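**Q** this one's sequence-less:
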């Protein structure tokens, strides 16, 4: 079976959307843990689209979210 790259791109969009929903989640623990996960991802394509959400978390009221957003 030949992989044309389109399915991989669709899967990456789903991963980024899932991460974005966790970054914007109402629970501070989920936000903080997702921020920690993002700090370990080295693929720039995923991180570039999440930059505005991460910057918003730098101003969050809970210290756990702010600390992990750094």
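**A** Structure's in. What do you need? Source: prediction; values computed, not measured. Numbering: from 1, shown residues only.
**Q** most centrally placed residue in this structure?
**A** Geometric centre of the chain, nearest residue: residue 19, 3.9 Å, by CA atoms, centre = their mean.
**Q** Quick check: pLDDT value at that one.
**A** Looking at residue 19, its pLDDT is 94.
**Q** Then residue 7?
**A** 59.
**Q** Kindly report the same for the one 4 residues further on.
**A** In the prediction, the pLDDT value recorded for residue 11 is 85.
**Q** quick revisit: list the contacts for the residue nearest to the centre of the chain?
**A** Residues near residue 19 by CB atoms under 8 Å, 6 or more residues apart in numbering: 34, 37, 38, 46, 50. The way it works is simple: take the backbone N, C-alpha and C, and place the C-beta from them, glycine included.
**Q** now do residue 65
**A** So residue 65 contacts 28, 31, 32, 35, 57 (CB under 8 Å, 6+ apart).
**Q** what about it, which helix or strand?
**A** helix 63-69 (DSSP states H and E).
**Q** List the buried residues in that helix.
**A** Using 16 or more other CB atoms under 10 Å as the test for burial, helix 63-69 gives 65, 66, 68, 69.
**Q** following the helix ranked longest in the chain, which helix or strand comes up?
**A** If you go by DSSP state H, the chain has its longest helix at helix 6-23. Counting by DSSP H and E, the next helix or strand C-terminal to helix 6-23 is helix 28-40.
**Q** still on that earlier bit, got the contacts of residue 19 as JSON lines, with neighbour count and distance to residue 15 columns?
**A** Converted to JSON lines, the contacts of residue 19 look like this (neighbours: other CB atoms under 10 Å; distance: CB to CB, whole Å):
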{"residue": "34", "neighbour count": "25", "distance to residue 15": "12"}
{"residue": "37", "neighbour count": "13", "distance to residue 15": "11"}
{"residue": "38", "neighbour count": "19", "distance to residue 15": "11"}
{"residue": "46", "neighbour count": "14", "distance to residue 15": "7"}
{"residue": "50", "neighbour count": "17", "distance to residue 15": "11"}
